[in-house]
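Novice: 3D model of this:
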Amino acid sequence: QVQLVESGGGLVQSGSSLRLSCAASGFSLDYYTIGWFRQAPGKEREGVSCISRQDGTKYYADSVKGRFTIYRDNAKNTVYLQMNNLKPEDTATYYCAADPQILGHDFFYTHLEVWGQGALVTVSS
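Specialist: Take a look at the predicted model:
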């Protein structure tokens, strides 16, 4: 069964750090572009970051550049999102997604094959 499971969400104070994990099962991340989206209450879902399957290029939304880092551990078949200097506007449910065909530059803008269930991140001011 193809599955993504997020973990690591929680409640933190502004300026804190948090690391989200997304463990894949039923397929190898080696052959997938994988990344993160988030959706805040009352807002549309937005792309946060991804790693392209083709060459490992990393993409970030402007709102998180310099604060968030995406990386993956192929041995653990897991992708991580290290989030530093968190702000209240980062509060959202974060979703992991993956696709075997889509490359990084299209990842935020098209249908993706596999989605996780989401992890809630709440940043208090």
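Novice: so how far is residue 125 from the most centrally placed residue in the chain?
Specialist: Residue closest to the average C-alpha location in the chain (C-alpha atoms, centre = their mean): residue 36, at 2.1 Å. In this view, residue 36 and residue 125 are 23 Å apart by C-beta to C-beta, to the nearest Å. For glycine as for every other residue, the C-beta is placed from the backbone atoms N, C-alpha and C.
Novice: And for residue 3?
Specialist: Distance from residue 3 to residue 125, by C-beta to C-beta: 35 Å.
Novice: Neighbour count: those two, which is higher?
Specialist: Regarding residue 3 and residue 125, a neighbour count based on other C-beta atoms under 10 Å identifies residue 3 as having more, with 13 against 9.
Novice: Quick check, that one in contact with residue 24.
Specialist: Yes - counting by C-beta atoms under 8 Å, residue 24 is a contact partner of residue 3 at 7.2 Å.
Novice: what is in contact with these two at once?
Specialist: residue 114 (C-beta atoms under 8 Å, 6 or more residues apart in numbering).
Novice: Tell me where this protein has helices.
Specialist: Counting by DSSP state H, the chain forms no helices at all.
Novice: Break down it into its strands, ranges please.
Specialist: Ranges of strands within the chain are 3-7, 10-13, 18-25, 33-39, 46-51, 58-60, 68-73, 78-83, 92-99, 114-115, 119-124, based on DSSP state E.
Novice: Quick one: closest of those strands to residue 108.
Specialist: Proximity to residue 108 (C-beta to C-beta) singles out strand 46-51 among the strands of the chain, at 2.9 Å.
Novice: so what strands line up beside that closest one?
Specialist: In the sheet, strand 46-51 lines up against strand 33-39 (antiparallel), strand 58-60 (antiparallel) (DSSP bridges).
Novice: Tell me which of these is the most buried.
Specialist: strand 33-39 (a mean of 24; mean count of other C-beta atoms under 10 Å).
Novice: and the strands paired with strand 46-51 as TSV, adding distance to residue 72?
Specialist: Putting those into TSV (distance: least, C-beta to C-beta, whole Å) gives the following:
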stretch	distance to residue 72
strand 33-39	7
strand 58-60	10
